[in-house]
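> need coordinates for the below:
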Amino acid sequence: MSDYDVVIMGAGHNGLTVGGYLAKAGKKVLLLERHSYAGGGVATQQILTPGYWHDLHSSVHIMIQANPLITNDELDLFSKHGMKYKYSDQPHATIFNDQSVLITYKDLDKTCEGIARYSQKDAESYRRFVKLGQSMLPMIMPGMYKPQPPLGQMVAMLDGSEEGRVILDLMQRSSLEIIRQWFENDKVQMHIARAVSENLQLPDELGTGMGTVMFTALMHTYGVSQPYGGSGKLSESMVRSIEANGGELRYNAEIKRILVSGGHANGVELSDGEKIMAKDAVIGSMHPHKLRQFVDGVAEPVLQRAEKASLAAFSLFVSHYDLREPIQFRTDDKDVEHAIMLTLCKHETMAEMQADFDALKRGELIDKMFSAGNDESKSDPGRVPAGAGMWHSTGFAPYDLVEGGSSRWEEFREEYGQMRQEQQSHFVSNLNSDNIIAHKFYTPLDLERNSPNSMVKGDVHGVAPYFYQSVGNRPTADLGQFRVPGIESLYLVGPSMPPAGGVVGAGRAAAMIIFEDLGMDFNRTFDVVDDSADKVRARAAAPKDGAMRLFDEHDEELMAVNNIDVAEDELVIKGKTFGTMPLVARLGPGDLRRAIKLALSPRKIWVLLTMLFKKD
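Numbering: from 1, shown residues only. I've put the predicted structure just below:
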């Protein structure tokens, strides 16, 4: 029986992230991975021909770009462990059925020039749309990589200001409604809708609208990237970071259950019966639907709510090809070769595209298949032998087929893959037997089998990105702070957890929760900008804008008041909470009297008077 400070179930990128922070802080960490490799959905492998390196699941890294894990290199991934991103000036492109092209460049002016070829009005609207999103980024992005507030608290906070209500309105609408409000041209609408649907969301699903605004703003602000050598290079650099700090990884190690005694998680039992104990914490990379399978002693209402967490309405079908030579596109606009996200669009209108999204929801296989893909060797030639090419394509597909259910995929995999190949050949000229060395198809059922504890029913993002299971309610209000109610020292990570699925580095927020529970100072350990010393210094310096500030017991700024006005018989207090979120508060006569009463005592009055004559 082995003993560690922390034992982590699963070495996906979220488990690696939280393990990396704990190992660097000096904890003895062990990660147990059921596969023979680390990374989970962020892995790059030679799955067919030696020398051809394919991304198994994720390929594009978007949301992680603003994470301090990356921007501040908190785990030394870039400075010490070989991590390197490549960025493209063309984050996203769409080739339409007539071989015309629409490209989202990182350069907003150039993007608008391209949109103007289809609609001058849409080009002007797009510029305003991106500027709207970019104005919201400072309010949203700093909180993305920290523990999320409960949904109700966030709604109340947003509802306290005009700016917040704009965000709240967007969060509750559908992507399709917002797209149609802002844009008139079908190709522009499809270009945006298809990109946002990468989050496995239906365009007309209420509660998905904010993603439309944020996605476009992110592409023009942070860009879209891929690691050199493949998506899995991020995971590999994390493994090196953990091992450099004394952590361990064990592969081909499948966990049977979490060991719980007296309401306290204290270890794991492997499928072969071996028990490994954890002194401080057990971290489970598991889907909320799997909580009952692995953990005894969780209250039944918590389990039932976890098992009701909503999944995405559809999944992915993934195709990998090893090619003798690079792919050749039929369009004359060769800028598409440099796009990190490339959509192949057979649909002629937004209404036609929406009809096919509806069919996916019903479990139907559609004639005009949603496809995205590219030859990643064009921008990263080291991923294939010299002179060769590769084709990595993804497309939307239902997990449960209307005819035959999920089990039908077993017999239909090759036939459907060939159908997709034929459709993609409308856009590329050499995806054929003369050029293909080998291929491999992954159905939604295969995705679940590959990651049964994370990608339930092929949902690669864990749970659906709906408003009611967002921020601290993702995946449920019980589990949104990474803790499991009633089981001390047990924490959850994975794509189902806040803030979102995909490559986000969400394990950072989980690490902050665990550090807090263990009495450790995360900010000081990782030189976070607002660490304790900086905060004390910030309190000692008067703000240049003359704002009045309120701090919590950890010297975190809770509120900055920059205006107090009078409206009828109320004081109207305006400012910002948590440094970015606008706030408007009102103080009426009754509350003012109660506030004065709370402050009335000789000692308090004396302290208040002396404070007036002290420096900051």
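
> pretty sure residue 226 is in a strand, no?
Yes. Residue 226: assigned to a strand according to DSSP: H, G, I helix; E, B strand; the rest coil.

> find me the pLDDT at it, would you?
pLDDT for residue 226: 95.

> hey, what's it bridged with?
Residue 226 forms beta bridges with residue 86, as assigned by DSSP bridges.

> am I right that it is in contact with residue 339?
No. Counting by Cβ atoms under 8 Å, residue 226 does not reach residue 339; the two are 11.3 Å apart. The way it works is simple: take the backbone N, C-alpha and C, and place the C-beta from them, glycine included.

> what's the end-to-end length of stretch 365-384?
End-to-end distance for stretch 365-384: 32 Å, by Cα to Cα, to the nearest Å.

> now that stretch: buried residues?
365-366, 368-380, 383-384 (16 or more other Cβ atoms under 10 Å).

> among the residues you listed, name the ones in strands.
Using DSSP state E, the members of those that fall within strands are 371-374.

> just flag the most distant two among the residues you listed.
Largest separation among those by Cβ to Cβ: 371 and 374, giving 10.8 Å.

> so for residue 582, what's the pLDDT?
pLDDT for residue 582: 56.

> again with residue 611
Looking at residue 611, its pLDDT reads 70.

> now swap in residue 93 and tell me
pLDDT for residue 93: 97.

> repeat that for the one 3 residues further on.
We have a pLDDT of 97 for residue 96.

> with residue 568 instead?
78.

> before we move on, what about residue 327?
97.

> kindly report the same for residue 554.
Note on residue 554: pLDDT of 52.

> ok, now residue 542?
So residue 542 comes in at 59 (pLDDT).

> which residues touch the residue nearest to residue 477 when sequence neighbours are not counted?
With Cβ to Cβ, 6 or more residues apart in numbering as the criterion, residue 477 has its nearest non-adjacent residue at 6.5 Å, and that residue is residue 150. By Cβ atoms under 8 Å, 6 or more residues apart in numbering, residue 150 lies in contact with 471-473, 477, 480.

> can those go into CSV with extra columns for distance to residue 80?
Below are the contacts of residue 150 laid out as CSV (distance: Cβ to Cβ, whole Å):
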residue, distance to residue 80
471, 33
472, 34
473, 37
477, 39
480, 33
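
> max pairwise distance over these: which two?
Spanning the widest gap among the contacts of residue 150 are 471 and 477, at 10.1 Å by Cβ to Cβ.

> who has more neighbours out of these two?
residue 471 (21 against 17; other Cβ atoms under 10 Å).

> quick check, the more buried one in contact with residue 146.
No. Taking contacts as Cβ under 8 Å, residue 471 lies outside contact range of residue 146: 10.9 Å.

> residue 402 belongs to a helix?
No. Secondary structure of residue 402 (three-state DSSP): coil, not part of a helix.

> gap between the closest residue to it other than its chain neighbours and residue 405?
Take residue 402 and drop its neighbours on the chain: the residue closest to it by Cβ to Cβ, 6+ apart is residue 363, 3.8 Å away. Separation of residue 363 from residue 405 (Cβ to Cβ, to the nearest Å): 8 Å.

> neighbours of residue 105, how many?
Look at residue 105: counted by other Cβ under 10 Å, it has 22 neighbours.

> got phi/psi on it?
With angles defined as degrees, to the nearest 10, residue 105 sits at phi -90, psi 160.

> how about residue 8?
Backbone torsions of residue 8, given as degrees, to the nearest 10, read phi -120, psi 130.

> correct me if wrong: it contacts residue 283.
Yes. When contacts are counted by Cβ under 8 Å, residue 8 is listed as touching residue 283 (4.4 Å).

> overlap in contacts of these two?
15, 18-19, 493.

> picking up where we left off before, reformat the ones in strands among the buried residues of stretch 365-384 as TSV; add pLDDT.
Compiled in TSV, these are given as follows (pLDDT from 0 to 100):
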residue	pLDDT
371	91
372	93
373	91
374	94
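
> which one of these is nearest to residue 234?
residue 374 (18.8 Å).

> which strand residues bridge that closest one?
Beta-bridge pairing for residue 374 (DSSP bridges): residue 392.

> any regions of the stretch 351-500 of the chain where pLDDT drops low?
Within the stretch 351-500 of the chain, not a single segment meets pLDDT under 70.

> just the helices in it please.
For the stretch 351-500 of the chain, the helices defined by DSSP state H, counting those that start in this stretch cover 409-424, 444-450.

> of the ones you listed, which approaches residue 262 most closely?
Across the helices of the stretch 351-500 of the chain, closest to residue 262 is helix 444-450 (Cβ to Cβ), at 34.4 Å.

> which of the residues in stretch 467-479 are buried?
467, 469-479.

> between those, which is nearest residue 184?
Among the buried residues of stretch 467-479, and counting by Cβ to Cβ, the member closest to residue 184 is residue 467, at 26.5 Å.

> OK, contacts around the closest one?
Residues near residue 467 by Cβ under 8 Å, 6+ apart: 171-172, 206-208.

> who's more crowded, residue 363 and residue 405?
Per other Cβ under 10 Å, whichever of residue 363 and residue 405 has more neighbours is residue 363, with 18 against 13.
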